[in-house]
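Asks: when you get a sec, could you give me coordinates for this:
(one chain, ligands or ions: 1)
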Amino acid sequence: MHADVWWKAGTVYQVYPRSFQDTDGDGVGDLRGIAARLDYLAWLGVDALWLSPVCRSPMADYGYDVSDYRDIDPLFGTLADFDALVAEAHRRRLKVIMDFVPNHTSEEHPWFAESRSSRTNPRRDWYIWRDPGPGGGPPNNWISNFGGPAWTRDPATGQYYHHAFLREQPDLNWRNPAVRAAMADVLRFWLDRGVDGFRVDVIWHLIKDAAFRDNPPNPGYVAGEPEINRLIQLHSADQPEVMDVIAGMRAVLEEYDDRVLIGEIYLPLERLVAYYGVDLSGAHLPFNFQLIQTAWHAPTVAALVAEYEAALPEGGWPNWVLGNHDQPRIAARVGPAQARVAAVLLLTLRGTPTLYYGDEIGLGRVPVPPGRVRDPWERNEPGRGRDPARTPMQWDPGPRAGFSTAEPWLPLDPQAASRNVEIQRDDPASILTLYRRLLSLRREHPALSIGAHRPVEVRGDVLVYERVHADDVIRVLLNFGHEACFIPAGPEWRVLLSSASGRIGETRDGDRFALAGDEALVLVRVPD
Ligand code: TEU
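Replies: The predicted model follows:
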């Protein structure tokens, strides 16, 4: 009846620590702030929180550039604050997942300072150094994910170092066993402090082609897309040897009870599922971002669900993500009405869902005026910036939405006074109430948390599927369109939930349900 491990039936909630809750009045969120909001997360009904990076960092990429893997950045607090947060979370039966950023360090990490100091330094080979290419330029054509070459020449030695992201984020050399051993100890450092798992940043990037061959041009490249898409990342990422690295991380987690390894992976489906590893020795949950990348239509989503279910390896557990700190928010992508349909989809598909903070109150794209841009990507490639999806959480109608007593590091949603937790929490029509009811249904119905997925049909704009566990049968109807329609259903089906803000009770019309535009219904089969 129960899942064998917590992360299968459980739900994950991503906290972007800079933007969750400020307690020391500097306009930036902190660990004590997160601790102060744990009751909210427990009330909402999630099972785990994943914290975007909180380790010491010069913040060139807001924490995804770590200068000390064994300390908390003072902006967020101290190790003692972290320990207290973990203890308080565990007291509420909430798990804590850390972000682990192993592909690159900050250029300010002492390892890199040593590595760049001379060609013969013992840590030289901890990073990726190459002689200039034939013309004196970069060693090959690889492009940084944030634009420009993925190589920077270091005057100290005349060689180039590789960086898949900013030049302030030099890539570690994961072919070097010493790097693997040092990072395994970093994992143990946090596992010993009680963290329940890791979300591993850009896990598919860790190993690069040993011969550093040029990446081929992408024949499908469309001008205006990020520059990185000009080339196919054939040699700069997703190399077969990365599976050993991941199995090594898994082995470290296996030294402890019940920890989870989540991998951040942006790859096509057939490559994504390879990250479960041979005999499931890889990531427990290779993040599935298909709902972020899909066109929002019933047949398209039906097809991607079917393809994903079919592609999963035997025993591989699925997972779903609607948004994160790198992507435009779901409400910005599909609009506020469909964001409610999306919530039902996320929380009724088979597999572990990850929620992104703020989506549960319907936060959209928050305008960020040019003078307040923080994301370095926006400076390199205008329009690509991720700031509009990283703005402060909105807790109440008061000043600064209850996030801070100071001007927040990113602007607040102009509608913060009306869109916030305090206003929505007792409003039966709010999106927050919808999220909370869905999370509670997942706990009540094993069909929803661990049941099988059974496709039923796509009827016009409506996607219909079932979740089944023994006698517990749930049917989900999702109207991806804006028009009302009828969906046949026998007398054995009863409405558990409607996503529509106005609906009270069920709308049965003989042997069918009347579905409003942008409405999703969750039905349960009752014995007749
Ligand atoms: O993101 C990796 C990553 O691939 C994204 O930047 C991606 O290129 C883009 O968002 C896809 O649309 C991770 C972190 O999540 C991100 O915040 C970091 O900036 C990046 O790694 C570097 O550590």
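Asks: who are the contact partners of the most centrally placed residue in the chain?
Replies: Here the mean C-alpha position of the chain is nearest to the C-alpha of Asn324 (Cα atoms, centre = their mean), at a distance of 4.5 Å. Applying Cβ atoms under 8 Å, 6 or more residues apart in numbering to Asn324 gives the contacts Gln14, Ile292, Thr354, Tyr356. C-betas here are computed from N, CA, C, even on glycine.
Asks: which one (most neighbours) among those residues?
Replies: Greatest neighbour count in the contacts of Asn324, by other Cβ atoms under 10 Å, goes to Thr354: 26 neighbours.
Asks: wait, doesn't that residue sit right on Phe287?
Replies: Yes. In this structure, Thr354 is within contact of Phe287 by Cβ atoms under 8 Å, at 7.4 Å.
Asks: so what sits against both of those two?
Replies: Asn319, Val321.
Asks: per-residue confidence for the residue nearest to the centre of the chain?
Replies: Confidence at Asn324, expressed as pLDDT, is 98.
Asks: got it, and Arg379?
Replies: pLDDT at Arg379 comes out at 88.
Asks: contacts for the helix or strand encompassing it?
Replies: Taking DSSP states H and E as the criterion, Arg379 maps to helix 376-380. Residues from elsewhere that reach helix 376-380 (Cβ under 8 Å, 6+ apart): Ala60, Asp61, Phe146, Gly147, Gly148, Leu166, Val373, Arg384, Gly385, Arg386, Asp387.
Asks: same question, stretch 411-431
Replies: Taking Cβ under 8 Å, 6+ apart as the rule, stretch 411-431 contacts 40, 336, 339-340, 343, 360-364, 366-369, 372, 391-397, 400-403, 432-433, 501-502.
Asks: tell me which residues in it are buried?
Replies: Pro411, Leu412, Asp413, Ala416, Arg419, Asn420, Val421, Ile423, Gln424, Ser430, Ile431 (16 or more other Cβ atoms under 10 Å).
Asks: so where do the helices sit in the stretch 201-350 of the chain?
Replies: Under the criterion DSSP state H, counting those that start in this stretch, helices of the stretch 201-350 of the chain are mapped to 242-254, 269-272, 290-293, 298-311, 330-334, 336-348.
Asks: next, the residue nearest to the centre of the chain: phi, psi?
Replies: Backbone torsions of Asn324, given as degrees, to the nearest 10, read phi -160, psi -170.
Asks: these two touch, right, Met133 and Asn140?
Replies: Actually, residue 133 is Gly. It isn't Met. Yes. Using Cβ under 8 Å, Gly133 makes contact with Asn140 at a distance of 6.7 Å.
Asks: of these two, who's got more company?
Replies: Neighbour totals were compared for Gly133 and Asn140, and Asn140 leads with 21 against 15 (other Cβ under 10 Å).
Asks: contacting residues for that one?
Replies: Arg130, Gly133, Trp151, Phe212, Arg213, Asp214, Asn215.
Asks: among the residues you listed, name the buried ones.
Replies: Trp151, Phe212, Asn215.
Asks: possible to save those residues as JSON lines with pLDDT and distance to Gly277?
Replies: What follows is the buried ones among the contacts of Asn140, written out as JSON lines (pLDDT from 0 to 100; distance: Cβ to Cβ, whole Å):
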{"residue": "Trp151", "pLDDT": "98", "distance to Gly277": "30"}
{"residue": "Phe212", "pLDDT": "98", "distance to Gly277": "26"}
{"residue": "Asn215", "pLDDT": "98", "distance to Gly277": "25"}
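Asks: out of these, who's nearest the ligand?
Replies: The closest of the buried ones among the contacts of Asn140 to the ligand turns out to be Asn215 (Cβ to the nearest ligand atom; 15.0 Å).
Asks: count of residues packed around the closest residue to that closest one other than its chain neighbours?
Replies: Of all residues not flanking Asn215 in the chain, Leu231 sits nearest, at 3.9 Å (Cβ to Cβ, 6 or more residues apart in numbering). Leu231 is flanked by 18 other residues according to other Cβ under 10 Å.
Asks: for the one 5 residues further on, same thing?
Replies: Taking other Cβ under 10 Å as the criterion, the count of residues near Ser236 is 26.
Asks: ok, the one 3 residues further on next?
Replies: Counted with other Cβ under 10 Å, the neighbours of Gln239 add up to 19.
Asks: how much space is there between it and the ligand?
Replies: Using Cβ to the nearest ligand atom, to the nearest Å, Gln239 is found at 16 Å from the ligand.
Asks: need phi/psi at the residue nearest to that residue when sequence neighbours are not counted.
Replies: Nearest residue to Gln239, sequence neighbours excluded (Cβ to Cβ, 6+ apart): Ile207, at 4.2 Å. In terms of degrees, to the nearest 10, the main-chain angles of Ile207 are phi -110, psi 130.
Asks: circling back: would you format the helices of the stretch 201-350 of the chain as TSV with mean pLDDT and distance to Asp472 included?
Replies: Listed next are these as TSV, based on pLDDT from 0 to 100; distance: least, Cβ to Cβ, whole Å:
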stretch	mean pLDDT	distance to Asp472
helix 242-254	98	32
helix 269-272	98	29
helix 290-293	97	24
helix 298-311	98	19
helix 330-334	98	28
helix 336-348	98	13
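Asks: so which of those is the most surrounded?
Replies: For the helices of the stretch 201-350 of the chain, average neighbour numbers computed from mean count of other Cβ atoms under 10 Å are highest in helix 336-348, which has a mean of 23.
Asks: only alpha carbons, please: show it as PDB.
Replies: Extracted in PDB, the C-alpha atoms of helix 336-348 (Å, rounded to 0.1, in the frame of the first residue of the first chain):
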ATOM      1  CA  PRO A 336      -3.600  32.500 -15.000                       C
ATOM      2  CA  ALA A 337      -6.600  30.300 -15.900                       C
ATOM      3  CA  GLN A 338      -4.500  27.500 -17.400                       C
ATOM      4  CA  ALA A 339      -2.100  27.700 -14.500                       C
ATOM      5  CA  ARG A 340      -4.800  26.200 -12.400                       C
ATOM      6  CA  VAL A 341      -5.200  23.300 -15.000                       C
ATOM      7  CA  ALA A 342      -1.400  22.900 -14.900                       C
ATOM      8  CA  ALA A 343      -1.500  22.600 -11.100                       C
ATOM      9  CA  VAL A 344      -4.000  19.700 -11.400                       C
ATOM     10  CA  LEU A 345      -1.900  18.100 -14.100                       C
ATOM     11  CA  LEU A 346       1.400  18.400 -12.000                       C
ATOM     12  CA  LEU A 347      -0.300  16.900  -9.000                       C
ATOM     13  CA  THR A 348      -2.200  14.100 -10.600                       C
END
